[in-house]
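[1] what's the 3D shape of this:
(one chain, ligands or ions: 3)
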Amino acid sequence: MTKLLSRIDRPQDLHALSEDELQTVAQEVRELLIDTVGEIGGHFGANLGTCEIAVAVHSLIDSPRDKVLWDVGHQAYPHKVLTGRRDELGTIRRYGGLAPFCSIAESEHDIMGAGHASTSIGYAVGIKEAMLRGGAEDGKVVAVIGDGAMTGGVAFEAVSQAGGLGTPMVVILNDNGMSIAPNVGALSRYMNRVRLDPGLWEAREGVEEKLTKLPAGIGAAFERLGPRFKESVKAFWAPGLWWEELDWAYLGVIDGHDVRAMRRALRTAFEAERPVVIHCATVKGKGFAPAENGGLEGMEKWHAAKPKSIASRRPAPSRPSSPAPPQYTQVFGDAMVRECERDPRVIGITAAMNSGTGLSILQKAMPERYFDVGIAEQQAILFAAGAALTGMRPVAAIYSTFLQRAFDQIVHDVCLQNLPVTFCMDRAGLVGDDGPTHHGVFDIAYLRALPHMTLMAPRDEAMLVHMLHTALHIDGPAALRYPRGAGEGVELPSTPVLIPVGTGEILREGERVALVGYGSGVGKALGAADLLAERGVDVTVADARFAKPLDAPLLAALAAEHELLVTIEEGVLAGGFGSAVWESLSDEGALAPRILRVGLPDRYVTHGAPALLHEEVGFTAERIAERVEAAVLDPRGSFA
Ligand SMILES: Cc1ncc(C[n+]2csc(CCOP(=O)(O)OP(=O)(O)O)c2C)c(N)n1
Ligand SMILES: CC(=O)[C@@H](O)[C@H](O)COP(=O)(O)O
Ligand SMILES: [Mg+2]
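    Ligands and ions are numbered 1, 2, ... in the order given. Have a look, this model is predicted:
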């Protein structure tokens, strides 16, 4: 590490530096990120884009008395380096290490928990209004939000509230033209027009100082001016028109990599007694040539970096001898193309997770059947509802965790109207390094309660293909969930089959104990069965396939023939699949054997490698086998 950054142990240490030194610190942060993230992996391009922003902000505020909030938080590594976590950066996203995003439990400088996009402005309005009422009127509040996160509707709600209140706060709109993929939508086009027009970078400088001094509600004042004057002023105003009509002062476009320019804009903004947005232009991947000079593809590729993908510059590891099983994501994307070929009514919808969901495959093959709504999950479901009402068979491909944001649209707009929308939830279960904000662990519980909803989960990638096909033939809402990562290595079907809805299947016949898995729980059940067989306990293994409707006759039969029924699911136990089984047996009046529910605990599971997380929560074949053996061997049925 070079000299200046080694002197920054607290953000206030920046206050003593000259602007040239601050610019140097930003570059040193960048170099530290490239070396560190290149070695351990993690979010990358966005962090290279915020080095100067973080230095400029922290050089002018007194954190945490003054507040800086990072939307999503995937771009907050420079902020973490400058706020006392420089020497721990190498632990980020690792089990027991720094959190993947901002975390109020980790640092007083992390003002809000983050991970899901578009929340920072909303927090900032609440924080500033509370400060105004709590004796901290002069406290500065800055929200840093990307152009992608700005496409999330909740950000618009906050802009409107702050404009209405005239809340004296600052938003830094960190505009690099990228979400994970290139940004989409009319707002993005507007920002690109402004950001990419150098004539607008300086033309308004003198005017802007005055604009920030104007009282809130200035938009209304102009209504009283003659149209000609208004038109001529709007020529200056065009870049910030959307903001200024909502009573925000607009400063921009500022070079987000120029610490001096950013500080000048921030000082102007801090002096204003109204909401101010600083629209800054940055490069996602700044300072790392494969991203910065790699065009849109390069910036998308380096949104995150794999371990040892940069510093070593070692060639990709030679192909493993036996080809690894395909990722569920890839299998889904390919299956979507097949389904679109079979049925012209099928369309795919993503909320800014083009490659993450695999719909990038559909986009390439059949772009006219592909829609990206931006980081706007609620809109994704409303769009799907509208399309379903108009004879289409929409597939909303949204990570389990991100779908949480659209819960009311699922209830109110899809299920209540019994519309044929298919929800494909990738990243169901413990996702690993992204931690508690991204684990997809609630979907079974939060969808199971909805009338008209069908829930299913494939035990492997072949079943994913069959289940997608089945879902598209259900005249109503259907959701399927599958984990992040590779499948089981089974052969993929050339032609999908329809699975009778609400039916499970017996995979192994045994006695005394029946292990009933759901989704990824089936693999754990088979593993536990193997271990138990080695110990002389031959158990039955069943794949439930559906969590709603359950295969009640199968469950009742298993209950009648076994003394212990074990349900296994990679979701929270509260209200999950195991609860559904318990309810079904009780409702059926089946002789309820002892029931052991294996799943995720009633707490938020930390970040780290999935295997370590599974170990921590006991979601492993070994742990399941131990618990079954203890239950079977201990007649008192004490479940550990
Ligand atoms: C609700 C929600 N949906 C999707 C995501 C996945 N996601 C993480 S970062 C990102 C792109 C953010 O783009 P932008 O705000 O412009 O930041 P940049 O990476 O360009 O700096 C997306 C879609 C998320 N974190 N939250
Ligand atoms: C910050 C964010 O939300 C995304 O970058 C997310 O980390 C992607 O997750 P996957 O790597 O599982 O696609
Ligand atoms: Mg962006």
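[2] contacts and neighbour counts: CA atoms only from here.
    OK.
[3] helix, strand or coil for residue 564?
    Classification of residue 564 by DSSP: H, G, I helix; E, B strand; the rest coil places it in strand.
[4] who does it form a beta bridge with?
    Residue 564 forms beta bridges with residue 513, residue 594, as assigned by DSSP bridges.
[5] residues in contact with it?
    512-514, 593-596, 632 (C-alpha atoms under 8 Å, 6 or more residues apart in numbering).
[6] and it, how far from ligand 1?
    Separation of residue 564 from ligand 1 (C-alpha to the nearest ligand atom, to the nearest Å) stands at 40 Å.
[7] which of the contacts of residue 564 sit farthest apart?
    Among those, the pair separated by the greatest distance (C-alpha to C-alpha) is 512 and 596, at 13.2 Å.
[8] look at these two and report which has more neighbours.
    residue 596 (22 against 16; other C-alpha atoms under 10 Å).
[9] just checking, residue 70 touches residue 149?
    No - counting by C-alpha atoms under 8 Å, residue 70 does not reach residue 149; the two are 10.7 Å apart.
[10] and the next helix or strand past the helix or strand where residue 171 lies?
    Element membership for residue 171 (DSSP states H and E) is strand 170-175. Sequence-wise, the next helix or strand downstream of strand 170-175 (DSSP H and E) is helix 186-195.
[11] how distant is that following helix from the center of its chain?
    24 Å (C-alpha atoms, centre = their mean, to the nearest Å).
[12] and the gap between the closest residue to residue 100 other than its chain neighbours and residue 509?
    The shortest distance from residue 100 to any non-neighbouring residue, by C-alpha to C-alpha, 6 or more residues apart in numbering, is to residue 93 (4.6 Å). Distance, residue 93 to residue 509, using C-alpha to C-alpha, to the nearest Å: 42 Å.
[13] more neighbours: which of the two?
    The residue with more neighbours, out of residue 93 and residue 509, is residue 93; 24 against 12, by other C-alpha under 10 Å.
[14] can you get me a residue count around the residue nearest to residue 471 when sequence neighbours are not counted?
    Closest residue to residue 471 apart from its sequence neighbours, by C-alpha to C-alpha, 6+ apart: residue 478 at 5.7 Å. Other residues near residue 478 come to 28 when the count uses other C-alpha under 10 Å.
[15] in this structure residue 478 contacts residue 423, no?
    Yes - with contacts counted by C-alpha under 8 Å, residue 478 reaches residue 423, the gap being 6.2 Å.
[16] let me see the mean pLDDT of stretch 40-47.
    Averaged across stretch 40-47, the pLDDT comes to 97.
[17] which residues sit in contact with residue 68?
    Counted by C-alpha under 8 Å, 6+ apart, residue 68 has contacts 57, 109-111, 141-144.
[18] ditto for residue 14
    8, 22, 55, 58-59.
[19] Throw those into a markdown table and include pLDDT, thanks.
    Listed next are these as a markdown table, based on pLDDT from 0 to 100:
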| residue | pLDDT |
| --- | --- |
| 8 | 98 |
| 22 | 98 |
| 55 | 98 |
| 58 | 98 |
| 59 | 98 |
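[20] just these: which are in helices?
    22, 55, 58-59 (DSSP state H).
[21] out of these, which is nearest to ligand 1?
    residue 55 (15.9 Å; C-alpha to the nearest ligand atom).
[22] grab the nearest non-local neighbour of that closest one.
    Using C-alpha to C-alpha, 6+ apart, the closest residue to residue 55 is residue 26 (6.1 Å).
[23] quick check: that neighbour touching residue 48?
    No - here residue 26 lies out of contact with residue 48, judged by C-alpha under 8 Å, at a distance of 9.5 Å.
[24] so between the two, which is more surrounded?
    Neighbours per residue (other C-alpha under 10 Å) separate residue 26 from residue 48, with residue 48 holding more: 31 against 26.
[25] what residues are up against that one?
    Going by C-alpha under 8 Å, 6+ apart, the list of residues near residue 48 reads 30, 33, 75, 284-288.
[26] and the host helix or strand of residue 524, what does it pack against?
    Residue 524 is part of helix 520-534 when elements are defined by DSSP H and E. Applying 3 or more C-alpha pairs under 8 Å, 6 or more residues apart in numbering; DSSP states H and E, we find helix 520-534 packed against strand 512-517, strand 540-543, strand 562-572, helix 621-633.
[27] with just CA atoms, put the first one into CSV.
    It stands for strand 512-517. C-alpha atoms of strand 512-517 as CSV (Å, rounded to 0.1, in the frame of the first residue of the first chain):
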residue,chain,number,x,y,z
ARG,A,512,-39.4,-46.8,9.5
VAL,A,513,-38.3,-43.4,8.2
ALA,A,514,-39.4,-41.4,5.2
LEU,A,515,-37.3,-38.5,4.0
VAL,A,516,-39.5,-36.1,1.9
GLY,A,517,-37.5,-33.6,0.1
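[28] now do residue 304: how many residues are near it, please.
    Neighbour number of residue 304 under other C-alpha under 10 Å is 20.
[29] bridge partners for the residue in the chain that ligand 3 sits nearest to, pull those for me.
    Relative to ligand 3, the nearest point of the chain is residue 178 (3.9 Å; C-alpha to the ion). Counting by DSSP bridges, residue 178 is bridged to residue 182.
[30] tell me the spacing between the closest residue to residue 404 other than its chain neighbours and residue 382.
    With sequence-adjacent residues excluded and distances taken as C-alpha to C-alpha, 6+ apart, residue 404 is closest to residue 443, at 7.7 Å. Using C-alpha to C-alpha, we find residue 443 at a distance of 19 Å from residue 382.
[31] who has more neighbours, the two?
    residue 443 (25 against 17).
[32] figure out the helix or strand that the one residue in the chain that gets nearest to ligand 2 lives in.
    Per C-alpha to the nearest ligand atom, residue 356 is where the chain lies closest to ligand 2, at 4.5 Å. In this structure, residue 356 is located in helix 354-357 according to DSSP H and E.
[33] which other helices and strands contact whichever helix or strand comes after that helix?
    Downstream of helix 354-357, the next assigned helix or strand under DSSP H and E is helix 359-365. The contact analysis (3+ C-alpha pairs under 8 Å, 6+ apart) places helix 359-365 against helix 328-342, strand 346-350, strand 370-372.
[34] near ligand 2, which residues of this protein are found?
    74, 115, 356, 434 (C-alpha under 6 Å from any ligand atom).
[35] out of those, which is nearest to residue 397?
    Closest approach between the residues of the chain next to ligand 2 and residue 397, by C-alpha to C-alpha: residue 356, at 9.5 Å.
[36] most surrounded residue in the contacts of residue 14?
    Highest count within the contacts of residue 14 by other C-alpha under 10 Å belongs to residue 55, 27 neighbours.
[37] what angle do helix 621-633 and the helix holding residue 524 make with each other?
    60 degrees (axes from the mean of the first three to the mean of the last three C-alpha atoms, to 10 degrees).
[38] up against ligand 3, what does this structure have?
    146-148, 176, 178-179 (C-alpha under 5 Å from the ion).
[39] and with 8 Å instead?
    46, 146-149, 174-180, 183, 284 (C-alpha under 8 Å from the ion).
[40] contacts with ligand 1 among these, please.
    46, 146-149, 176, 178-180.
[41] list the contacts of the helix or strand hosting residue 299.
    Assigned by DSSP H and E, residue 299 falls within helix 295-301. If you take C-alpha under 8 Å, 6+ apart as the criterion, helix 295-301 is touched by 45, 178, 180-182, 284-285, 290-292.
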